[in-house]
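> Structure for the following, please:
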Amino acid sequence: MVSKANPYNVDEHPFELRHEVKRLNKRLDQIADSLEKSQVKDIIENYSSPKKRIISNFTSGLARGLGLSLGTFVVLGLLGYILSLFVSMPVIGDYIANLQQYIDAYKK
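Predicted coordinates:
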């Protein structure tokens with residue numbers, strides 16, 4: 001029988017099983033360490049609590065929305081600046097000048 005004080009005591013096992021028990025104990029310790037490192041407990045707590053899940057999803061949605069808005073603002077600003085450089089070109093400049101007139105008319 002395995003003593004309850006030390007479950008890893010392999011001296012009480014038959015001789016031919018000692019090596020296998022030591023190997024299994026070592027593997028179980030590795031699995032326990034990897035589960036601790038992967039923070040499975042935190043993930044389970046997060047998904048078992050609706051309040052935590054709602055807060056987490058809300059904050060991630062806010063971050064995505066803010067990032068999308070700022071990214072769109074930067075890209076459109078750069079595009080407008082680059083297009084304003086082409087106003088003096090013969091064919092493209094006419095279209096961009098008309099576009100700029102529409103924008104200026106909308107601002108008023």
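
> List the buried residues in the lengthiest helix in the chain.
Longest helix in the chain, counting residues (DSSP state H): helix 50-85. By neighbour count, with 16 or more other Cβ atoms under 10 Å as the criterion, helix 50-85 contains no buried position. C-betas here are computed from N, CA, C, even on glycine.

> Show me what the next helix-or-strand element following it packs onto, helices and strands only.
Counting by DSSP states H and E, the next helix or strand C-terminal to helix 50-85 is helix 90-107. Helix 90-107 is packed against helix 50-85, with contacts defined by 3 or more Cβ pairs under 8 Å, 6 or more residues apart in numbering; DSSP states H and E.

> looking at this structure, which helix or strand does the model trust least?
Here the helix or strand of the chain ranked lowest by mean pLDDT, DSSP states H and E is helix 40-48, holding a mean of 74.

> Which secondary structure elements does it sit against?
Applying 3+ Cβ pairs under 8 Å, 6+ apart, we find helix 40-48 packed against helix 50-85.

> now the helix it packs on against helix 90-107, angle please.
130 degrees (axes from the mean of the first three to the mean of the last three Cα atoms, to 10 degrees).

> Looking at helix 50-85 now, give me its mean pLDDT.
If you average the pLDDT over helix 50-85, you get 91.

> now swap in stretch 91-101 and tell me
For stretch 91-101, mean pLDDT rounds to 79.

> Could you list the buried residues of it?
residue 96.

> ok, and what's touching it?
Identification of contacts with stretch 91-101 by Cβ atoms under 8 Å, 6 or more residues apart in numbering yields 83-84, 86-87.

> Mind doing that once more with 7 Å?
83, 86-87 (Cβ atoms under 7 Å, 6 or more residues apart in numbering).

> Alright, I will stop here.
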